[in-house]
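Undergrad: A predicted structure for the sequence below; I have some questions about it.
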Amino acid sequence: MKLIKGLEPRPSARDFPGVVRIDSSICYDFVVSLRALFNPRTFTKSRRWATAQLPRLGEEVVPKGKFFFQGFDTALGYGAGRVVPRLPEGAGPPGLIEALSGMPAAELAMFMLDTGETTRERLELFKQVLGGDSSRVNDALDGLPSGWATRCRHVLGHPEAAQADLVHVFEAHLTQIYGHHMEAVTESIGASMPTALQMLELLPALEAIERLTGGYTVGSDLGLRTIILAPSVFIHPFMSARVDEGRAEALILFGVPSEIFAGYDPLPVRAELVTALKAMSDPSRLTVLRLLAVQPMYTTELVEQLRLAQTTVHHHLAQLRTAGLIRQQRDRNGMQYSIRTEPVVGVLRALEDWVLGSTSEELPIKEARP
């Protein structure tokens, strides 16, 4: 049964002229796991895991963890990931914690406050405040969302305390929660490396990145010279990117599957299929897919076509990209989106197999009660 007609894969982007490498350090996953722990409504795959594990941190640590990792697109705690490239090869979470403890508090504060998209002018104001000029605090925070500004104000005013609290959260998380998963995480990341390396060897770099991330890539007009790819169990099936145009580099975290969460979610249906069907269950998202099947479009064009608020359109696009159904390319004009034909067809075929029973998997059907 042929479900879709007339959709052919689009030609891949041209090769990336810079350096692309994979960093298999589990320290990136360690940082991401805290984001998953404190944002279970976003990280749906690990939701039940988070509910079971969070109480283990204790009443003193949980509020500190929420401050650094809960909510907002660029949580303060993510800044710790920028310390990972400084670590010796093979260093794990204990090495990251030691590095965080030993670095100057003002330097760590700048890592927390710099989201990658923070303007140079604001970064300069942050430096001035951390250097002792408290009169520039209001200027440094001007125009920021109120919740984010409140957190930034605390870090600017008390960098040593923020450093101590962040280290405390990491130590408790490693001891009480993440340490129990390190072996499984290491195995999952290690198992993903041959495939990732083979993709980079055989495919154009940008096409390999798109496949590893499930639809994310970068435009050549950004002028990037270096792209670092880092596999993570806890970000699966999502991805995360930090593009620093000033340094001409990008860090892209891509998800890899693991059995860590299997015991927390008894649902027998493939998680990827459920994610895709949820993403497609909204009329606006189906409209987006149809529009992108015709031609690639920027966010502003989709807003105009759908006649919805920009934040609403961003939400719909995020759901579709997370499900791997659309391609997201960052360039100087903004975010351009296009349909990923093969995954869309794959979802519909998988649904057909599941419903009509052509799969070889056996369902645990219980006998009806009399």
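TA: Cool, the structure landed. Numbering: from 1, shown residues only.

Undergrad: Going by C-alpha atoms from here, please, whenever you check contacts or count neighbours.
TA: Will do.

Undergrad: The helix or strand of the chain with the lowest mean pLDDT packs against which elements?
TA: None of the helices or strands of the chain scores lower by mean pLDDT, DSSP states H and E than helix 271-280, at a mean of 81. Under the contact criterion of 3 or more C-alpha pairs under 8 Å, 6 or more residues apart in numbering; DSSP states H and E, helix 271-280 touches helix 310-322, helix 341-356.

Undergrad: Residues touching the shortest one, excluding its own?
TA: The one in question is helix 310-322. The contact list for helix 310-322 (C-alpha atoms under 8 Å, 6 or more residues apart in numbering) reads 214-216, 237-239, 276, 279-280, 284-285, 299-300, 302-303, 326-328.

Undergrad: which ones among these are found in strands?
TA: Those of those mapping onto strands are Y216, M239, I326, R327, Q328, per DSSP state E.

Undergrad: for the last one, what are its contacts?
TA: With C-alpha under 8 Å, 6+ apart as the criterion, the residues that contact Q328 are G215, Y216, T217, R321, M335, Q336, Y337, S338.

Undergrad: Of the residues you listed, just say which sits nearest to D244.
TA: T217 (14.4 Å; C-alpha to C-alpha).

Undergrad: what sits opposite the spatially closest residue to the closest one that is not a sequence neighbour in the beta ladder?
TA: Of all residues not flanking T217 in the chain, Q329 sits nearest, at 4.8 Å (C-alpha to C-alpha, 6 or more residues apart in numbering). For Q329, the beta-bridge partners are T217, Q336 (DSSP bridges).

Undergrad: contacting residues for Q329?
TA: With contact set as C-alpha under 8 Å, 6+ apart, Q329 has these partners: Y216, T217, V218, G219, M335, Q336, Y337.

Undergrad: Show me just the buried residues among the residues you listed.
TA: Neighbour counting over those (16 or more other C-alpha atoms under 10 Å) leaves Y216, T217, V218, G219, M335, Q336, Y337 as the buried ones.

Undergrad: thinking again about what came up before, would you mind measuring from the residue nearest to T217 to T275?
TA: Look at Q329 and T275: by C-alpha to C-alpha, to the nearest Å, they are 21 Å apart.
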